[in-house]
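J.: Here is my input; please provide its structure:
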Amino acid sequence: SYDSTSNVSLESRMFAVRGKLTTLLGDMLHDYRPRFLGFSRDKEGMRNVVREAFGRATNDQDAAKYGQAWKYMAEYVRKRMEAAGARIAKLDDWGMPQWHDPSLVSKVDATTWTDKTWKYLDIDRMIKETELSEDQLYNYLRDEVYQSIVTDGAHKIDLGKISGKPQGRGILTQLSQHRFMHFDGPEKWMAYQDEFGTSDYLTAMTDFIDKQATNIAAMETLGPNPDIGFQHLVNMIKKNNDKNSASQVQKLQQLYDNVMGRVGTANPKWAETMSAIRSFNIPAHLGNATLSMITDPAFLAMTARINGLPVMKTIVRGLKISFQQGVGTADDLRLASQIGFSADYAMDRLISAARFTDSSPAKFMRRLSEMTVRANWMHALTLANKAAFELEYAASLARDVGKEFGELSAERQAAFARTGISPGMWDSIRAKPLVEHKGGKYVDINQIGAGYGKEEATRLFALMHQETQYAVPTPGAEARAIQNQGQPRGSFLGAVSYTH
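T.: Below you'll find the predicted structure:
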């Protein structure tokens, strides 16, 4: 039976939104993904995508297509946030997000960073939009923005300190500050990225997707100001006034900070050093890591059986997809990405979808560990098993589109009830056209989720994420919260928690 009070977790909704955003980019994340064990990237192609996103023609057809796709995706983010209660002005000439590497920025002092960054910015435009004087703008960059970057967001910047005008808090203010720095065209944006960000521009784009998916999910779950909504939950716990309240609040705060990406960095240089050490240890422990995957077929089979999927077909499909990746013909992976599933494949996360590490090592060690994991087949098999499960689930949904909600199996109705998919939502889902691929038919979430913030698509995304987490166990925010105990990277306790 359907429980109208059911809802999806903040983390599951975040993954659902992220999946939607990746599908809006079409094949871009596939075509520009790292190749040859992660060492080969189409750098010039990505540079052209950046130019097209800023409105500069390049005569590169793929770049022009993906530049437009990027702009459409960014507008979708703005519209969906507006639907959740935000007020964000449309910037027709907005090109790319800011991406700052705290370890690179912290190598210079605040004044040096501000002086170097100043030459890349459209100062006249920033003065006009902020109504600050040139001196006030300079001071804001030096005293507030620099500190926010080197502490990885731990330092809360406040434009009101400089302008004398009161500023809001929470996500809405963060969004306006995220668009505060305007670069004077694509070449200067790329020059800044090369010096203080990342020369892998795809990373800057996927990081933007991650952050905005988190912001949207938080607003849709906790209200236009998620921090206030979260504090309301904390106050409800405190009202119980029992001996466990303080412990519950602490655990909830740690979980919330991990989902929102607010754990931060205490000392960027120390964090980078420890990150490199952890990365160096990855190859040494790959033997044990590979052994830990022996149980994967059992989890995959168990979850497939519970959801009424063909068990052996799902397992064999996973193996087939993993070998397809090795020869560069991963058609099933592309299909999973295109119909709205398998965001992990589209994002192509480093180090086996964060399975054995969630750190950001020094560049050389990061590439070395990435290459080792890819060569070890773990990365391919993890993504393949996820895609296989998701495709079989999409196929099973397609087989059920002729059934009313009450005619669905008890297992399917129970799964829908867990994420609040109502009979009316199921009618909307099954009314949409299916995708055909190699003789099979699949539900396409992109068709279901046309427009801004379709709830049935979001809940189906969330259901898929939850079931896939059971099928291919991977650590989420709760595991990270237990591991780091809310300690920032670069602190002594943070170094200990992230290492063990």
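J.: which element is the spatially most central residue of the chain on?
T.: Closest to where the C-alpha atoms of the chain average out (CA atoms, centre = their mean) is Asp210, at 2.6 Å. Counting by DSSP states H and E, the element that carries Asp210 is helix 201-222.
J.: For that helix, buried residues please.
T.: 201-222 (16 or more other CB atoms under 10 Å). For the C-beta atoms, the positions are set from N, CA and C on the backbone; glycine is no exception.
J.: picking that back up, so the residue nearest to the centre of the chain is in contact with Arg18, correct?
T.: Yes. Between Asp210 and Arg18 there is a contact under CB atoms under 8 Å: 6.5 Å.
J.: host element of the closest residue to Ile321 other than its chain neighbours?
T.: Setting aside the residues directly before and after it, Ile321 is nearest to Ala384 in space (CB to CB, 6 or more residues apart in numbering), at 3.8 Å. Element membership of Ala384, judged by DSSP H and E, is helix 378-399.
J.: for Lys71, same thing?
T.: Secondary structure (DSSP H and E) places Lys71 in helix 61-83.
J.: helices or strands up against that helix?
T.: helix 10-24, helix 28-31, helix 43-53, helix 201-222 (3 or more CB pairs under 8 Å, 6 or more residues apart in numbering; DSSP states H and E).
J.: could I get those helices as TSV with distance to Ala395?
T.: Shown next, in TSV, are the helices and strands packed on helix 61-83 (distance: least, CB to CB, whole Å):
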stretch	distance to Ala395
helix 10-24	18
helix 28-31	21
helix 43-53	33
helix 201-222	26
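J.: quick one, which of these is nearest to Asp109?
T.: helix 201-222 (24.2 Å; CB to CB).
J.: The residue nearest to Ile321 and Arg334, how far apart?
T.: 13 Å (CB to CB, to the nearest Å).
J.: ditto for Val234
T.: From Val234 to Arg334 the distance is 43 Å (CB to CB).
J.: what does Val443 give?
T.: Val443 is 17 Å from Arg334, by CB to CB.
J.: Over to Ser422?
T.: 32 Å.
J.: what's the answer for Ile123, then?
T.: 43 Å.
J.: Those two: who's more crowded?
T.: Arg334 (18 against 15; other CB atoms under 10 Å).
J.: contacting residues around that one?
T.: 27, 30 (CB atoms under 8 Å, 6 or more residues apart in numbering).
J.: could I have the helix or strand harbouring it exported to CSV, CA atoms only?
T.: For Arg334, the host element (DSSP H and E) is helix 331-338. Taking C-alpha atoms only, helix 331-338 is exported to CSV below (Å, rounded to 0.1, in the frame of the first residue of the first chain):
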residue,chain,number,x,y,z
ASP,A,331,27.1,0.9,-25.1
ASP,A,332,25.1,-0.3,-22.1
LEU,A,333,26.9,2.2,-19.8
ARG,A,334,26.1,5.0,-22.2
LEU,A,335,22.5,3.9,-22.4
ALA,A,336,22.2,3.9,-18.6
SER,A,337,23.6,7.4,-18.5
GLN,A,338,21.4,8.7,-21.3
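J.: what inclination does it have with respect to helix 10-24?
T.: Going by axes from the mean of the first three to the mean of the last three CA atoms, to 10 degrees, helix 331-338 is angled at 110 degrees with respect to helix 10-24.
J.: Can you point out the buried residues in helix 331-338?
T.: Counting neighbours by 16+ other CB under 10 Å, the buried set in helix 331-338 is 332-338.
J.: which two in those are spaced the farthest apart?
T.: Counting by CB to CB, the most remote pair of these is Asp332 and Gln338, 10.6 Å apart.
J.: Check the helices and strands packed on helix 61-83 for me: which has the lowest mean pLDDT.
T.: Of all those, mean pLDDT reaches its minimum on helix 28-31 (a mean of 78).
J.: Check what contacts it and list those residues.
T.: Contacts for helix 28-31 (CB under 8 Å, 6+ apart): 22, 42, 45, 49, 62, 66, 69-70, 202, 206, 334, 337, 346-348.
J.: What of stretch 313-320?
T.: Under CB under 8 Å, 6+ apart, the answer for stretch 313-320 is 297, 300-301, 304, 332, 381, 384-385, 387-389, 391-392.
J.: Next, the angle helix 331-338 makes with the helix or strand where Leu319 lies.
T.: Using DSSP H and E, Leu319 sits in helix 311-327. Between helix 311-327 and helix 331-338, the angle comes out at 100 degrees (the same axes, to 10 degrees).
J.: so how far is helix 311-327 off the chain centroid?
T.: 25 Å (CA atoms, centre = their mean, to the nearest Å).
J.: That helix: which residues count as buried?
T.: 314-315, 317-318, 321-322, 324-325.
J.: how big is the angle separating that helix from helix 378-399?
T.: Using the same axes, to 10 degrees, helix 311-327 lies at 130 degrees relative to helix 378-399.
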